[in-house]
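**Student:** Sequence plus the predicted model coming up.
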Amino acid sequence: MFRSEGSEPVKGAMLQLTIEAILDFAGERRGHFRLIESEVFSHDAYGTPRELFVAFFAVIADCLRDVLGEQWSAEIDAAWHKLLRDIEAIVLQRKHLVDERP
Ligand code: HEM
């Protein structure tokens, strides 16, 4: 998953912060979700493709679906699809600035 490897603590922290950002984005939007926007730019510098960054959120959704099994309802599925679309819109915005770099 992490093509350019961070250390184990960094990977753990990224997962934790990502989950916190998702919960905030889907809920109160108190500010943790802003991490998604800011990390997009620092990850451009790490060389993490934006598409892979988006995929990370989809992997989390897939894992939850596996864990929930039969309890994964159509309503939950629809809510996650919307959330993933919204996150993708944020992550891919202004992507041309990266693509057009010399
Ligand atoms: C597959 C997708 C991702 C890859 C390949 C990736 C890769 C990396 C790499 C290489 C580093 C630097 C590691 C180091 O300094 O040792 C890093 C740091 C970090 N990543 Fe990710 N990352 C991904 C997704 C995410 C996501 C979705 C978030 C949160 C929204 C996130 C949050 C962070 C944070 C907080 C750091 C610590 C340094 C900083 O503030 O930039 N990462 N990541």
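**Tutor:** Looks like it arrived, so ask away.

**Student:** For the rest of this, base every contact and every neighbour count on C-alpha atoms.
**Tutor:** Will do.

**Student:** Give the buried residues for the helix or strand where L23 lies.
**Tutor:** Following DSSP states H and E, one finds L23 within helix 8-26. Neighbour counts using 16 or more other C-alpha atoms under 10 Å place 17-19, 21-22, 24-25 of helix 8-26 among the buried residues.

**Student:** Which neighbouring elements make contact with it?
**Tutor:** Under the contact definition 3 or more C-alpha pairs under 8 Å, 6 or more residues apart in numbering; DSSP states H and E, helix 8-26 sits against helix 34-46.

**Student:** how about the helix it packs on, does it get close to the ligand?
**Tutor:** Yes: if you take C-alpha under 6 Å from any ligand atom as the test, helix 34-46 does meet the ligand, through 35-36, 39, 42, 46.

**Student:** before we move on, what about stretch 83-94?
**Tutor:** No: Stretch 83-94 does not reach the ligand (C-alpha under 6 Å from any ligand atom); its nearest approach is 9.6 Å.

**Student:** Now do the helix or strand encompassing A79 against helix 34-46, angle only.
**Tutor:** A79 belongs to helix 74-92 when elements are defined using DSSP H and E. If you take axes from the mean of the first three to the mean of the last three C-alpha atoms, to 10 degrees, helix 74-92 sits at 50 degrees to helix 34-46.

**Student:** Centre of the chain to helix 74-92, how far?
**Tutor:** Computed by C-alpha atoms, centre = their mean, to the nearest Å, the chain-centroid distance of helix 74-92 equals 10 Å.
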